[in-house]
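Visitor: sharing a model prediction with you, sequence too.
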Protein chains: 4
Amino acid sequence: MSCPFKPRWERRKDARPQELLDAALDHFVARGFAATRLDDVAKSAGVSKGTLYLYFSSKEELFKAVVRESIVPLLGEAESLIEQYEGNSEELFRLVMTTWWENVGASKLSGLPKLMTAEAGNFPELAKFYQEEVVDRGEKLVATMLKRGIARGEIREMDLELAPRILVAPMIMMMLWKHSNGVCFVEPEKLGGYLDFYIDMALRSVLIDKPIN
Amino acid sequence: MSCPFKPRWERRKDARPQELLDAALDHFVARGFAATRLDDVAKSAGVSKGTLYLYFSSKEELFKAVVRESIVPLLGEAESLIEQYEGNSEELFRLVMTTWWENVGASKLSGLPKLMTAEAGNFPELAKFYQEEVVDRGEKLVATMLKRGIARGEIREMDLELAPRILVAPMIMMMLWKHSNGVCFVEPEKLGGYLDFYIDMALRSVLIDKPIN
Amino acid sequence: MSCPFKPRWERRKDARPQELLDAALDHFVARGFAATRLDDVAKSAGVSKGTLYLYFSSKEELFKAVVRESIVPLLGEAESLIEQYEGNSEELFRLVMTTWWENVGASKLSGLPKLMTAEAGNFPELAKFYQEEVVDRGEKLVATMLKRGIARGEIREMDLELAPRILVAPMIMMMLWKHSNGVCFVEPEKLGGYLDFYIDMALRSVLIDKPIN
Amino acid sequence: MSCPFKPRWERRKDARPQELLDAALDHFVARGFAATRLDDVAKSAGVSKGTLYLYFSSKEELFKAVVRESIVPLLGEAESLIEQYEGNSEELFRLVMTTWWENVGASKLSGLPKLMTAEAGNFPELAKFYQEEVVDRGEKLVATMLKRGIARGEIREMDLELAPRILVAPMIMMMLWKHSNGVCFVEPEKLGGYLDFYIDMALRSVLIDKPIN
DNA sequence: TATGAATGAGTGTTCATTCAT
DNA sequence: GATGAATGAACACTCATTCAT
């Protein structure tokens, strides 16, 4: 709280290797919590299984750390971007979503939604954390963007509680596709097309003057 | 004999499989494949663990059966509905999505997308099956609806490969929300609001003449 | 005891189907007691698994019955044959062993030694029964033969406690070979050669005047 | 530390496999493959059940290892003994068989024939391995001994394909007796008598000049 | 008498967790 | 700190046994 750089969850070691979390994220995203073997995580990280326990007291703690550490960098940039932006709503929405996709969707962080979708029921506290730190914050961010557009007369009036989640849904789905091998498979090179199309559709549903594209 | 509580052995073989699949779907959706214990599934279905093996040769086969049996009846209705419909595109879209939500989204079948999202990586063949029998078929259905609207001059020209998936994404997300306890939690009574809002947004993004609503 | 035709173990049903015992013997011989599934035995006999329990109260009882019923016809003939025989020892030995092989070695009863070898440790009472009814009786039979030969001056003096078992060993081994697929495999058509050779060897070791052959 | 009772974790990895194989051999010989519980094997070896899986990937692999590791040291000595021997055939045969009995028959390795007899049908590949590495090699060894005796004019001409197996049969049977509790039971102290008697009988059947004994 | 669906104890196997080194 | 052998609870799966029909 008073320490601005220390997240609320306790670090056991300051030098807690990021490699472990990286390796763990890969496996958790690919196979889910239960099906992930710590043996495999350890092997991927190039350490022994016992070493994992030097940094995380259990598989569950490792999982929580993976999620929490992954979440940190997610939303900060976008929030400040919106606050400072001076252009019109269409450009802002395009910029935010494109940046989001480049920074998150294209990185391994895109696995988080899949992870939380699959495991929320098994990790209620973690789900709550995710809900607050990502979902709520993300929706507030979009609501801010919409409110700004309405104030500028670029975006029509609408229910600002419902709109963000519906508006963002396709973006989330695109991240799920990336990690649902075979289901809703989209060739990586086509994802860009989906992104543009999605932005276009979203703008058409909120802008007063439809974009030309 | 006259006892109102049927003794265990009196259950009919014909009724069993569906009871088992129902119980299994509940557990698989709630906990995922690996974390689901067959003991629990059996208990939920009111049978012993051994009985499961009379009907499904392994946990994996049970899982596959759950997915396959759940989706078969899903899409037929919608397909014939579209074929026969004579009204305009807005009404058709509203009808299809509302019906879909009532039949699928509001039932336990809504758990399937979560299941496949979480487990696709662990069951490649099943993922392929799901992709072909559900995803592809569902998208074709939406594409047909759009094509029909374009022909009738009600819907604008658009990329019919990209549009269905983007258009449908919020509907899928709504189903995921239902089963991601805590994450994106939506109070059940609010889901109706989301549904209407979603339909409105979707229509705005495709109709030539915006709906009034 | 007082009933000359009723063996000492109790029959549960007079009409106890021989088919069940036959099928069971096949499986027990082929796979051993523990690895034999009653499902398979039932299927081989063309009945349901439940039917087995109409005739045998447990797998163990079935096994015992198989062994006991199989043993019955084993030794009676040979005993009376020896008693009545009037020729010389060489001819008698040849006759007894050849007959034995034709009646037992060539039939499915040849599986008994394998069965008892494998399961004696798990069925002590059955082992005792087999020991008394087959082994001891068989050795006494051979001892009688030898004693007769010694009295007739055809066979050398020897330890009549040790000799029978050693003398008969190769015959037992030949029965084991038949049922030890792959181990000590002997082509069926060669077994006859082994039989003749064995008889010749045995006679050489006991006759005072070596046979010519 | 200075505690005379070694704590569990201090056992060396190198020593483990052989301890496990020893314990497993005991149980497999006593009860057969199917009836042997890995729990019991582990307990006999003083480890937990899971430890077995550090060394053998399955019960079947453990069984195979037991057989394979047991036979390696079996035949080498006898082969070189025969090659170098300079005395007459009677002495050689006595020496080989006596040594064999001391080294194999009197050790727990004597359980192998029983094991293979009982389980050959369930492990075809293992049976083949045993046949080639033990049975064939053993018979070749005896054939060599006989050929040598024939060349020296001490042993009569005979079919060298049939003779070894028949000649050796009683020795094998003696090993089976040891492990067929109750069937053909021979008091341990009498086995020596059987051995001498067997050697005498065997020699009488092959030597040109009968031994005096 | 015969059936076969149902049971549940038993066992092979996995894997998170521990701990002496 | 790091290791990896060892543990044992947990769980998938089997199969002898039961019993209403």
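Guide: The structure has been received and is ready for your questions.
Visitor: return the helix or strand in chain A with minimum mean pLDDT.
Guide: helix A:76-84 (a mean of 85; mean pLDDT, DSSP states H and E).
Visitor: check which helices and strands that one sits against.
Guide: When contacts are defined as 3 or more C-beta pairs under 8 Å, 6 or more residues apart in numbering or on different chains; DSSP states H and E, helix A:76-84 sits against helix A:89-100, helix A:137-151. Heads up, the C-betas are built off the backbone N, CA and C, glycines and all.
Visitor: the shortest one vs helix A:76-84, what angle?
Guide: For the pair helix A:89-100 and helix A:76-84, the angle between their directions (axes from the mean of the first three to the mean of the last three C-alpha atoms, to 10 degrees) equals 160 degrees.
Visitor: let me see the mean pLDDT of the helix or strand containing A:Leu203.
Guide: Following DSSP states H and E, one finds A:Leu203 within helix A:188-206. Across helix A:188-206, the average pLDDT comes to 88.
Visitor: next one: stretch A:170-184
Guide: For stretch A:170-184, the per-residue pLDDT averages 84.
Visitor: show me what it is in contact with.
Guide: A:29-30, A:97, A:100-101, A:104-105, A:110-114, A:117, A:185-186, A:191, A:194-195, A:198, A:201-202, B:116-117, B:120-121, B:124, B:127-128, B:130-131, B:135, B:165-166, B:169-170, B:172-173 (C-beta atoms under 8 Å, 6 or more residues apart in numbering or on different chains).
Visitor: rerun that using 6 Å as the cut-off
Guide: With C-beta atoms under 6 Å, 6 or more residues apart in numbering or on different chains as the contact definition, stretch A:170-184 has outside contacts at A:29, A:105, A:110-111, A:113-114, A:186, A:194, A:198, B:116-117, B:120-121, B:124, B:127-128, B:130-131, B:135, B:166, B:169.
Visitor: same thing with stretch A:198-213?
Guide: Contacts for stretch A:198-213 (C-beta under 6 Å, 6+ apart): A:Glu90, A:Arg94, A:Met97, A:Ile155, A:Arg156, A:Leu167, A:Pro170, B:Ile166, B:Met201, B:Arg204, B:Ser205.
Visitor: how far off centre is that stretch?
Guide: Its chain's C-alpha centre and that of stretch A:198-213 lie 23 Å apart, by C-alpha atoms, centre = their mean, to the nearest Å.
Visitor: could you list the buried residues of that stretch?
Guide: Across stretch A:198-213, burial judged by 16 or more other C-beta atoms under 10 Å in any protein chain shown covers A:Tyr198, A:Ile199, A:Asp200, A:Met201, A:Ala202, A:Leu203, A:Arg204, A:Ser205, A:Val206, A:Leu207.
Visitor: closest to chain C out of those residues?
Guide: Nearest to chain C among those, counting by C-beta to the nearest C-beta, is A:Tyr198 at 57.1 Å.
Visitor: helix, strand, or coil at A:Cys159?
Guide: Not quite, residue A:159 is Asp, not Cys. coil (DSSP: H, G, I helix; E, B strand; the rest coil).
Visitor: look up how far A:Val134 lies from the closest residue to it other than its chain neighbours.
Guide: What sits nearest to A:Asp159 in space, not counting adjacent residues and going by C-beta to C-beta, 6 or more residues apart in numbering or on different chains, is B:Phe197, at 6.3 Å. As judged by C-beta to C-beta, to the nearest Å, B:Phe197 and A:Val134 stand 22 Å apart.
Visitor: tell me which parts of chain A are close to DNA strand E?
Guide: A:Thr36, A:Arg37, A:Leu38, A:Asp39, A:Lys49, A:Gly50, A:Tyr53, A:Ser57, A:Ser58, A:Lys59, A:Glu60 (C-beta under 7 Å from any atom of the strand).
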